[in-house]
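[1] how would this look folded up:
(2 chains)
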Amino acid sequence: MTVNLTPDQIIVWQWGMFSLNATLIFTWLVMGLLVMGSWLVTRRLSDSTQLSRGQNLLEVVVLGISNQIEEISERPPGPYLPFVGTLFIFIAVSNLLSVIPGYQPPTGSLSTTTALALCVFCAVPLYGVQKKGVRGYLQQYLQPSPVMLPFNIIGELSRILALAVRLFGNVMSGTMIVGILLSVAPLIFPVVMQLLGLLTGLIQAYIFAILAMVFIAAASRVDTQKQASVSEVSHG
Amino acid sequence: MLIDPLTTFAQIINFLILVALLKRFLYAPITRVMQQRERRIAKQLQEAASQQETALQEAERYRQIQQDFEAQKAKLLTQARQDADHHRQALLRQTREEVDRSRDLWTTAVHREKQVFLSTLRQGVGQQVASTVRDVLRDLANTTLEQQMIETFITHLSHLTGHEQETLEAALSNARGQDLVIQSTFAIADADKARILGALDVQAPATRVDLGMSQFVIVPDLICGIELKIPGYKLAWNLAHYLERLEENLAWVLDGTEVAWAEDG
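    From the prediction side, this is the model:
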């Protein structure tokens, strides 16, 4: 039995160095589902108390993500909601669809998780710079002393690496375990593992989004604390 | 190698596109709708609070109006009771006055009728008594009532007491001949007239009155009898005295009956 560690290895179409693998196809599938579902629901929105089921579900999801962002960042969730919310929704839906036979979750590809981690890696300084400027943001790498600069950079890279590998490892291992169990104990037990995989997938989506938000909020919180201290000094 | 650079790059692009699409089709409309709903609910709550405040004020105003109305009603009721009481007192007073007036009129009418009745009775009884006595005297004593009355009058005139005689003399001394009037219910014969004047002359010999000028007048109202009338003196010999006593007795009986009837009524 051939077991693919990543859907990248499933090549559907190739032209020269460009190849169309399962990761990209299922990513587009998930993207299409999300966008079409959102469009179908949000084209007829109601601001009354009588809601459709779809609108109710989307409002619960969006409101839940907004509340989580607000709790972590302690500021209005508006600027962070599209990025963090999309991280959670994309990863969650990608993982949940794994119950469908033949489906390969894009999050089981290290390329995908790396891409998402790189996005977070870029988003953190972008939000930080947006809040406090380039100089202010870069100065945090010199805190508490310039000696800590290499360690801060290593920490920044390592947490991005951990973010990518954690998600990839969990999703890939879940898929692998199910595949292995199908060959060892084809009845019942794989179903339980699939159900457990749903839970794991949701938890991983939650962890990934929350960690991304924590990283972004940490960069912004430094700025906030500094502004608060400057404000106290000026008023004192 | 597990990481495919092209796939990674494509996934970054895919993810950014997904962020943009979901921001356009999911987060923006959902957030907008939720904000609209929150604003609408907040507005409704504010309107509800405002309406509740208005309702409380209206309720307080109506409570005040009701209290004023109750006070006004009590005041009007008290005023109406007082007016009704005054009106009732006035009606009672007016009714009593009307009853008193009617009773006075009735009493006056009864008294007048009694007087008329007694007068009529007196006349009738007197005439009847005189007729009866006249018949009795004629049938049993072979004489007339008028003649006996003349005789008795002359006898009485001849036997006046001292005081009566002095009074007669005093009256005759101040009178003239035409002032002396002798009234009777019947015609007196000339002989009897002379006897009467003779008796007067005997009783008052010192008078200067010309007895020949005396007047003899027939008065049917006397019923039965003779009267000698001089200014300041009167000597009556008729049934009037008896009839007056009879009238008094009848009046007393009628008054007792009237009082008893009034007490019963």
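[2] look at residue 187 and report its pLDDT.
    Just going to use chain A. Residue A:187 is assigned a predicted lDDT (pLDDT) of 78.
[3] that's the other chain; I wanted chain B
    With respect to pLDDT, residue B:187 has a value of 84.
[4] in three-state terms, label it for me.
    Put simply, residue B:187 is coil when judged by DSSP: H, G, I helix; E, B strand; the rest coil.
[5] okay, and the beta partners of the closest residue to it other than its chain neighbours?
    Nearest non-adjacent residue to residue B:187, counting by C-beta to C-beta, 6 or more residues apart in numbering or on different chains: residue B:218, 6.1 Å away. The C-beta positions use only the backbone N, C-alpha and C, and glycine is treated the same way. Assessed by DSSP bridges, residue B:218 has beta-bridge partners residue B:184.
[6] verify the contact between residue B:218 and residue B:225 for me.
    No. Residue B:218 is beyond contact range of residue B:225, at 11.9 Å (criterion: C-beta atoms under 8 Å).
[7] what is in contact with these two at once?
    Common neighbours of residue B:218 and residue B:225 (criterion: C-beta atoms under 8 Å, 6 or more residues apart in numbering or on different chains): B:184, B:185.
[8] so which helix or strand takes in the residue of chain A found nearest chain B?
    For chain A, the nearest residue to chain B under the criterion C-beta to the nearest C-beta is residue A:115, separated by 3.6 Å. Assessed by DSSP states H and E, residue A:115 sits inside helix A:110-139.
[9] mind giving me the packing neighbours of that helix?
    Here helix A:110-139 touches helix A:22-42, helix A:81-96, helix A:149-184, helix A:189-235, helix B:5-22, going by 3 or more C-beta pairs under 8 Å, 6 or more residues apart in numbering or on different chains; DSSP states H and E.
[10] just these: most buried one?
    helix A:81-96 (a mean of 24; mean count of other C-beta atoms under 10 Å in any protein chain shown).
[11] check which helices and strands it is in contact with.
    Packing partners of helix A:81-96 (3+ C-beta pairs under 8 Å, 6+ apart): helix A:22-42, helix A:53-73, helix A:110-139, helix A:189-235, helix B:5-22.
[12] residues contacting the residue of chain A closest to chain B?
    With contact taken as C-beta under 8 Å, 6+ apart, residue A:115 is in contact with B:7, B:8, B:9, B:11, B:12, B:14, B:15.
[13] pretty sure the second one contacts residue A:116?
    By that I understand residue B:8. No. Applying C-beta under 8 Å as the test, residue B:8 and residue A:116 come out as separate, 9.7 Å apart.
[14] how far away is the residue nearest in space to the middle of chain A from residue A:24?
    The centroid of chain A falls nearest to residue A:87 when counting by C-alpha atoms, centre = their mean (3.4 Å). Look at residue A:87 and residue A:24: by C-beta to C-beta, to the nearest Å, they are 18 Å apart.
[15] hmm, back to that, give the buried residues for the helix holding residue A:115.
    Neighbour counts using 16 or more other C-beta atoms under 10 Å in any protein chain shown place A:110-121, A:123-125, A:127-129, A:131-132, A:137 of helix A:110-139 among the buried residues.
[16] hang on, the earlier thing: any chance of the helices and strands packed on helix A:81-96 in TSV, plus distance to residue B:157?
    Below are those laid out as TSV (distance: least, C-beta to C-beta, whole Å):
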stretch	distance to residue B:157
helix A:22-42	155
helix A:53-73	149
helix A:110-139	165
helix A:189-235	154
helix B:5-22	164
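[17] residue B:129 is nearest to which of the ones you listed?
    Of all those, the one in closest proximity to residue B:129, counting by C-beta to C-beta, is helix A:53-73 (133.8 Å).
[18] just checking, what packs against the closest one?
    Here helix A:53-73 touches helix A:22-42, helix A:81-96, helix A:189-235, helix B:28-140, going by 3+ C-beta pairs under 8 Å, 6+ apart.
[19] what angle do helix A:149-184 and the shortest one make with each other?
    Between the axes of helix A:81-96 and helix A:149-184, defined by axes from the mean of the first three to the mean of the last three C-alpha atoms, to 10 degrees, the angle is 30 degrees.
[20] got it, and the last one?
    The directions of helix B:28-140 and helix A:149-184 differ by 80 degrees, with the same axes, to 10 degrees as the criterion.
[21] following the chain onward from helix B:28-140, which element is next?
    Helix B:28-140 is succeeded, C-terminally, by helix B:145-158 (DSSP H and E).
[22] next, the angle from that next one to helix B:28-140.
    Using the same axes, to 10 degrees: helix B:145-158 against helix B:28-140 is 90 degrees.
[23] flag every buried residue along the following helix or strand past helix B:145-158.
    Downstream of helix B:145-158, the next assigned helix or strand under DSSP H and E is helix B:162-174. Buried positions in helix B:162-174, judged by neighbour count with 16+ other C-beta under 10 Å: B:167, B:168, B:169, B:171, B:172.
[24] who's in contact with the second one?
    Counting by C-beta under 8 Å, 6+ apart, residue B:168 makes contact with B:160, B:200, B:203, B:204, B:230, B:233, B:235.
[25] and for the fourth one, the neighbour number?
    In this case it means residue B:204. Using other C-beta atoms under 10 Å in any protein chain shown, residue B:204 has 21 neighbouring residues.
[26] pLDDT averaged over stretch B:137-155, what's the number?
    Here the average pLDDT along stretch B:137-155 is 83.
[27] over to stretch A:203-221?
    87.
[28] with stretch B:126-134 instead?
    80.
[29] ok, now stretch A:86-98?
    Averaged over stretch A:86-98, pLDDT sits at 92.
[30] hmm, back to that, looking at the contacts of residue B:168, which one is closest to residue B:53?
    Using C-beta to C-beta, residue B:233 is the member of the contacts of residue B:168 that lies nearest residue B:53, at 113.4 Å.
[31] low-confidence ranges in the chain?
    No chain in the question, so chain A it is. Scanning chain A for pLDDT under 70 picks out A:1-5, A:221-236.
[32] my question was about chain B, not that one.
    Within chain B, the segments meeting pLDDT under 70 span B:1, B:176-178, B:206-211, B:223, B:257-265.
[33] how close does the residue positioned nearest the centre of it get to chain A?
    Central residue of chain B (C-alpha atoms, centre = their mean): residue B:98, 2.4 Å from the mean position. Residue B:98 sits 82 Å away from chain A, taking C-beta to the nearest C-beta, to the nearest Å as the criterion.
[34] next one: residue B:235
    Plainly put, residue B:235 is 133 Å away from chain A if you go by C-beta to the nearest C-beta.
[35] contacts only, for that residue.
    Residue B:235 is in contact with B:156, B:157, B:168, B:227, B:228, counting by C-beta under 8 Å, 6+ apart.
[36] now do the SS call for it.
    strand.
[37] next one: phi and psi at residue B:230?
    Dihedral angles of residue B:230 (phi, psi; degrees, to the nearest 10) stand at phi -130, psi 140.
[38] which two of the contacts of residue B:168 have the greatest separation?
    Farthest-apart pair in the contacts of residue B:168 is B:160 and B:230; separation 13.4 Å (C-beta to C-beta).
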